[in-house]
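S.K.: What shape does this take:
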Amino acid sequence: MTETHPSPALEVPAARGPDIAHDTFTITRSFDLDRAEVFAGFADDRRRRRWVRMPGSGATYDHDFRVGGGEDARSTFSLPGVPAETVRNRSRYLDIVPDRRIVSVYEAIVDGVTRWVSLVTVTLEDAPEGGTTLTWTEQAAFLVRTGDGSADLPHLRTGTALRLNGLPAALGVEPSTA
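M.R.: Now for the predicted structure:
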């Protein structure tokens with residue numbers, strides 16, 4: 001009988017387990033703007049930077065809005081009495097259909113450890129009452145959980161919703177009540 005030993009390069013770090021938690025959420029927002037104007041909130045870097053921000057201080061951004069491009073954003077996040085964390089968000093655009101759809105993948109990295117990866121699909125549709133309906137669907141794979149992991153998805157969903165709440169201001173409109 002031959003014994004097999006995992007290669008050190010293949011060992012799972014102590015902070016990770018073999019179980020990956022998968023989850024999905026969808027957030028919908030309505031805008032009293034046409035699809036092209038809402039799309040510009042993603043495509044135009046000046047507008048995008050008004051609502052897509054890294055938490056913490058000293059943030060840097062390198063953004064290339066095209067299929068195959070993406071963003072590499074970094075910052076330092078600190079709370080009183082807690083060691084500062086280096087936060088990084090690295091993404092890549094897989095599909096862009098102007099004024100209709102953006103599909104991207106990203107990884108959230110804290111202190112050099114990939115905490116989760118996500119597939120994000122943003123669709124823009126004409127709303128029946130006029131304007132645009134934005135639908136953000138995110139499929140996440142949590143690789144490293146916080147505690148028992150029960151707060152990970154609510155934390156991600158809430159953070160995404162808060163970020164999307166900044167999009168109307170970046171577009172120069174009031175949030176829609178629809």
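
S.K.: from the chain's centre, how far out does stretch 75-86 sit?
M.R.: What separates the centre of stretch 75-86 from the centre of its chain is 20 Å, taken as Cα atoms, centre = their mean, to the nearest Å.

S.K.: which other residues reach it?
M.R.: Met54, Pro55, Gly56, Ser57, Gly58, Ala59, Thr60, Arg74, Val87, Val110, Asp111, Gly112 (Cβ atoms under 8 Å, 6 or more residues apart in numbering). Every C-beta, even on glycine, is put in place using the N, C-alpha and C of the backbone.

S.K.: With only the CA atoms kept, save the least confident helix or strand in the chain by mean pLDDT in PDB.
M.R.: Here the helix or strand of the chain ranked lowest by mean pLDDT, DSSP states H and E is strand 57-63, holding a mean of 87. What follows is strand 57-63, C-alpha atoms only, in PDB (Å, rounded to 0.1, in the frame of the first residue of the first chain):
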ATOM      1  CA  SER A  57      -8.200  55.100   4.100                       C
ATOM      2  CA  GLY A  58      -5.500  55.500   1.600                       C
ATOM      3  CA  ALA A  59      -7.500  53.800  -1.200                       C
ATOM      4  CA  THR A  60      -6.000  53.300  -4.600                       C
ATOM      5  CA  TYR A  61      -7.900  52.300  -7.700                       C
ATOM      6  CA  ASP A  62      -6.800  51.000 -11.100                       C
ATOM      7  CA  HIS A  63     -10.000  50.700 -13.300                       C
END
